[in-house]
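>>> predicted structure and sequence below. I'll ask about it afterward.
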Amino acid sequence: MELSQAQYERIQHFLPVQRGNVKLDHLTFLRAMQYMAENGCRWRAMPKDFGKWSALYRRFRYWIAIGVFDLIEKELQSEVIDIKGIKAFALDSSYIKVHPDGTGAPKKKDRKPSARVAAVERQKSILLSQVLTCR
């Protein structure tokens, strides 16, 4: 699935104005983000068709910082809610398993190292005078 020109025009007014000599247009960048979401690849593994991975990453971080993706998401969600006629919705979270470490229990602070670790830690270096007296 690829982002079409009509879909791009619906969200184009949320995108920041490109300044200077920019090689990567917004449509190509959005298609790269869609490719990453679909395939779950690393930044460095992005196809060369989208341009340099570092340019993609910088633009992604900039858009996150200024909230471009949040604006697009809110707009598209409000359109879907208006189309479907949804007035309210609820999520049932009555049964969610949490690992015992994730419950926020207080951590043990007085952990004592084992005897073996303490024995190894006792003598970290040998003084030259000790070596000479042993002979």
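Looks like it came in fine. These numbers were taken from a predicted model, which means no experiment stands behind them. Residues are numbered from 1 along each chain as shown.
>>> what's near enough to touch residue 2?
Counting by Cβ atoms under 8 Å, 6 or more residues apart in numbering, residue 2 makes contact with 31, 34. For glycine as for every other residue, the C-beta is placed from the backbone atoms N, C-alpha and C.
>>> now with 10 Å, please.
Contact analysis of residue 2 by Cβ atoms under 10 Å, 6 or more residues apart in numbering lists 30, 31, 34, 35, 38.
>>> ok, it to residue 39 distance?
Distance, residue 2 to residue 39, by Cβ to Cβ, to the nearest Å: 13 Å.
>>> tell me where this structure has helices.
In the chain, the helices defined using DSSP state H lie at 5-11, 26-39, 53-66, 68-84, 115-122, 128-134.
>>> about what we covered before: biggest separation within the contacts of residue 2, which pair?
Put simply, by Cβ to Cβ the two of those set farthest apart are 30 and 38, 12.6 Å from each other.
>>> flag the shaky bits of the protein, pLDDT-wise.
Residues of the chain meeting the criterion pLDDT under 70: 1, 80-98, 100-135.
>>> buried ones from the contacts of residue 2, can you make that a PyMOL selection?
Burial among the contacts of residue 2 is assessed by 16 or more other Cβ atoms under 10 Å; the matching PyMOL selection reads:
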select buried, resi 30+31+35
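>>> what's the closest of the contacts of residue 2 to residue 61?
Nearest member of the contacts of residue 2 to residue 61, counting by Cβ to Cβ, is residue 30, at 15.4 Å.
>>> grab the nearest non-local neighbour of that closest one.
What sits nearest to residue 30 in space, not counting adjacent residues and going by Cβ to Cβ, 6 or more residues apart in numbering, is residue 3, at 5.4 Å.
>>> how about residue 66?
residue 16 (6.8 Å).
>>> and for the one you found, the neighbour number?
If you count neighbours by other Cβ atoms under 10 Å, residue 16 ends up with 11.
>>> contacts only, for it.
Taking Cβ under 10 Å, 6+ apart, we find residue 16 in contact with 26, 59, 62, 63, 66, 68.
>>> and if we set it to 8 Å?
Residues near residue 16 by Cβ under 8 Å, 6+ apart: 62, 63, 66, 68.
>>> for the contacts of residue 2, which one is nearest residue 74?
The closest of these to residue 74 turns out to be residue 30 (Cβ to Cβ; 16.7 Å).
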